[in-house]
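**Q** sequence first, then the predicted structure, then my questions.
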Amino acid sequence: MTSTLLNQFNAVITAKWPSTQIEESYDSLTQRELFELAYHTCNSVKMRSILIKLTPSENKSGSKAVFYSNTKKFINIEAFENTLRITKYYPEGSTGDKLKTEIHPKLKTRKSKFASKDIAMKTDLLKTILVERKLDECSNFVVLKDINRKVYFAIGDARESAAVVPMFMEAEGASLVQLALNKWMSTVQTFDQEKPFPTNSVTGLLKNLVQIKKWVLNLISTNLDK
């Protein structure tokens, strides 16, 4: 399903809105590792992911993500061959200062801390950020009232991705998260899979997804920032 917001971003926002931009080199990290760290660092419960495009890990560039915030600002994350670029677009009368004063310093710190962690923790962090992305993907499908089949599989992907991550499954509250995801999978399974997600279920699922996302974001940040 086409997102009007994404179409507006591509056609108008990137060409006409004021913006602030930063770049960060990969150094000892792979392109995918820094991209995932940037995705998490730019993300929050106030952010909606309206695009995520990942290239195969052997590619040197091409991954891209676009966030839209409740303050009507956009963040575009792009992986190029030698650098990661983050651009924040904002309406006239607003600013994108936090990209330089908060997000970029935090990303630099996290890049350094991630590089110093052992392989097991790196793997757990990246796999949990995958869960974060799957939750965002599901939320976007629900907001767009995309077909139930996409919502069902997005919830399932988040649940199954989490189930193989020790850091996730051993955390306090993990069982409640899995129960909530199971409940919604069972509910969505009863819907006609090729019809749009029902309007009367949007608020309930989005509320649950936001609660789970908040828990996941905190889990990642706590372990990443140690």
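**A** Looks like it came in fine. As the structure is a computational prediction, the values presented were derived from the model and not from experiment.
**Q** can you give me the strands for the chain?
**A** Along the chain, counting by DSSP state E, strands occupy 19-25, 47-53, 64-69, 74-79, 83-89.
**Q** and those, which is most packed in?
**A** Counting by mean count of other Cβ atoms under 10 Å, strand 74-79 has the highest mean neighbour count of the strands of the chain, with a mean of 23. For every residue, glycine as well, the C-beta is placed using N, CA and C.
**Q** helices and strands around that strand, which ones?
**A** Judged by 3 or more Cβ pairs under 8 Å, 6 or more residues apart in numbering; DSSP states H and E, strand 74-79 is in contact with helix 31-42, strand 64-69, strand 83-89.
**Q** change it to 10 Å
**A** helix 4-8, strand 19-25, helix 31-42, strand 47-53, strand 64-69, strand 83-89 (3 or more Cβ pairs under 10 Å, 6 or more residues apart in numbering; DSSP states H and E).
**Q** report the distance from it to the chain centre.
**A** 11 Å (Cα atoms, centre = their mean, to the nearest Å).
**Q** next: stretch 147-154.
**A** So, by Cα atoms, centre = their mean, the centroid of stretch 147-154 is 17 Å from its chain's centroid.
**Q** can you give me the pLDDT of the closest residue to residue 165 other than its chain neighbours?
**A** In space, and not counting its chain neighbours, residue 165 is closest to residue 127: 4.6 Å by Cβ to Cβ, 6 or more residues apart in numbering. Residue 127 is assigned 97 on the pLDDT scale.
**Q** my read is that residue 127 contacts residue 161, right?
**A** Yes: using Cβ atoms under 10 Å as the test, residue 127 is close enough to residue 161 to be in contact (6.6 Å).
**Q** what's the overlap in contacts for these two?
**A** residue 168 (Cβ atoms under 10 Å, 6 or more residues apart in numbering).
**Q** residue contacts, the residue nearest in space to the middle of the chain?
**A** Centroid check for the chain by Cα atoms, centre = their mean gives residue 133 as the closest residue, at 3.9 Å. Residue 133 sits next to 36, 39-40, 43, 49, 52, 54, 65, 154, 157-158, 161 when contact means Cβ under 10 Å, 6+ apart.
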